[in-house]
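Engineer: sequence and predicted structure, then a few things I'm wondering about:
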Amino acid sequence: MHVDSREIYQASKDFFGKEVILEGWVRNHRKQKEFGFIDFSDGTYFSTIQVVYDNTLKNFEEIQKTRVGSSVQITGVVVESPKEGQEFEVQAKDILLVGDAAEDFPIQPKRHTREFLREVSYLRPRTNLFQAVFRIRSLTAYAIHTYLQERGYVYVHTPIITASDCEGAGEMFQVTTLDLDNLKKEELDYSKDFFGKKTSLTVSGQLQGEAFAMCYKKIYTFGPTFRAENSNTKTHASEFWMIEPEIAFCDLEGLMDLEEDFLKYIVSYVLEHAKAELTFLNQFVEKGLIEKLEKLTKSSAARVTHQKAIEILKQSGKDFEFEPKFGEDLAKEHEKYLTEEYFKSPVFVYDWPKDIKAFYMKQNEDGKTVRAVDLLVPESGELMGGSQREESYEKLVQRMNELKMPIEDMEWYLNLRRYGSVPHSGFGMGFERLLIYLTGVDNIRDVIPFPRTSKNCDF
């Protein structure tokens, strides 16, 4: 019978003495004069299966020529393994080569650098590291959908192409059908472009998400977003995925409750369903990874205003490289001190200076701060950013005028405040930022299957 590795690992004793047919790839091949061992993987389970064969097989000499990376079909019997620490193995009765791998197959059974593996991104899932990372990526995405769907959230597909700059930073990739190679700048006429106006790839689905929250009450978006930010740090990419829930009749306190519960659910789900992968990552990537994740699920996040956070930092006696200042953003070292030394837990920092936050955030009565919040976690820093949205038409128009934003292009968004507006809140979480935290792999290029960064758009 045809089976997957996962099925055998889940109930190996039920398969003892049974003949099975396995289809997959050769991870390693150790040859002796009269027998050999193949480490077999079909991708359905993290660990490989040891396949043992000997010279009683009619095509023994051909089998011995099988190279690492080749695809094979193996017929054999599952037996209890005599090897300590290995529950079972498969004694081969027949091994058929399905697809040969050339001698220059790059992924050999040895340690490869992550930089090298990025050069062959189409093959790197065949290594233990990336099989673990991308399995966790899949499980995490499922956990996100499960949490939100089970609580009545509607999944909204917001547009990839947009004329709205949600963040107002202007770092957007332009979308056009105009012949830019043969047009001079003064000849550009976007009324003749495909959409009749200047359009870009989205940086966020939030604005469109708010429209649906005014109907369904609780919605979320989960899809690719794009930033034309020429940054080469470990945490920036030009294409990445964002999770953005939006909730009507929700204030900032309710939003923080949701963020904390949401994160704990996801981490707990991964801890339960990716044990083999996390064990590997805990041993070879980040010592103490499992302990870190388990600690988060049992912790309670502190809540502190931005002003209070700055006061704590100033009174810490620490010689920070960047001086903490009222009215300015927090540096990584500040986030590290707050989460790992002062509170020793995740921390919500809220009520941020309005001058460093987006136009749509609800203004506080002090006229200086907005109802914005960042969730900081130990060892990673900022993981989520959200706010209560400004539901007042007049205040939102006033803020947009202050920032010299084009009102006419955002009339539809402003109309949400004219047609049954309600207090509402939402947050955004970079999916890859979460995966860096969950896996201990510290470079965003290594938690995206095919990374898109400045000067890099391969595969």
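Structural biologist: Nice, thanks for sending it over.

Engineer: tell me the SS of S200?
Structural biologist: Classification of S200 using DSSP: H, G, I helix; E, B strand; the rest coil returns strand.

Engineer: can you tell me how far F194 is from N443?
Structural biologist: Shown here: F194 relative to N443, a distance of 36 Å by C-beta to C-beta, to the nearest Å. For the C-beta atoms, the positions are set from N, CA and C on the backbone; glycine is no exception.

Engineer: neighbour-wise, which of those two wins?
Structural biologist: N443 (17 against 12; other C-beta atoms under 10 Å).

Engineer: who's in contact with the more buried one?
Structural biologist: Applying C-beta atoms under 8 Å, 6 or more residues apart in numbering to N443 gives the contacts R114, K234, I436.

Engineer: please apply the same query to G99.
Structural biologist: Contacts here follow C-beta under 8 Å, 6+ apart; on that basis G99 touches S70, S71.

Engineer: tell me the spacing between it and L438.
Structural biologist: For G99, the distance to L438 - C-beta to C-beta - is 33 Å.

Engineer: and of the contacts of N443, the nearest to E89?
Structural biologist: Proximity of the contacts of N443 to E89 (C-beta to C-beta) peaks at R114, which lies at 31.2 Å.

Engineer: residue contacts, the closest one?
Structural biologist: Going by C-beta under 8 Å, 6+ apart, R114 touches L129, N443, D446.

Engineer: also R399?
Structural biologist: F359, Q363, E390.

Engineer: my understanding was that the last one contacts N364; is that so?
Structural biologist: This points to E390. No - with contacts counted by C-beta atoms under 8 Å, E390 stays clear of N364, the gap being 10.8 Å.

Engineer: these two: which has the busier surroundings?
Structural biologist: Between E390 and N364, counted using other C-beta under 10 Å, E390 has the larger neighbour count: 25 against 16.

Engineer: ok, now which ones touch the more buried one?
Structural biologist: Taking C-beta under 8 Å, 6+ apart as the test, what E390 contacts is Y360, M361, K362, Q363, L396, R399, R417.

Engineer: those in helices, which ones?
Structural biologist: Among the contacts of E390, the ones falling in helices (DSSP state H) are L396, R399.

Engineer: narrow the contacts of E390 to just the buried residues.
Structural biologist: Neighbour-count burial (16 or more other C-beta atoms under 10 Å) applied to those gives Y360, M361, K362, Q363, L396, R399, R417.

Engineer: any idea which of these is closest to K318?
Structural biologist: Nearest member of the buried ones among the contacts of E390 to K318, counting by C-beta to C-beta, is M361, at 29.4 Å.

Engineer: beta partners for the closest one?
Structural biologist: R389 (DSSP bridges).

Engineer: for L396, see how far away it is.
Structural biologist: Following C-beta to C-beta, the distance that separates M361 from L396 is 10 Å.

Engineer: identify each buried residue in stretch 430-450, please.
Structural biologist: Here stretch 430-450 shows 430-441, 443-448 as buried, counting by 16+ other C-beta under 10 Å.
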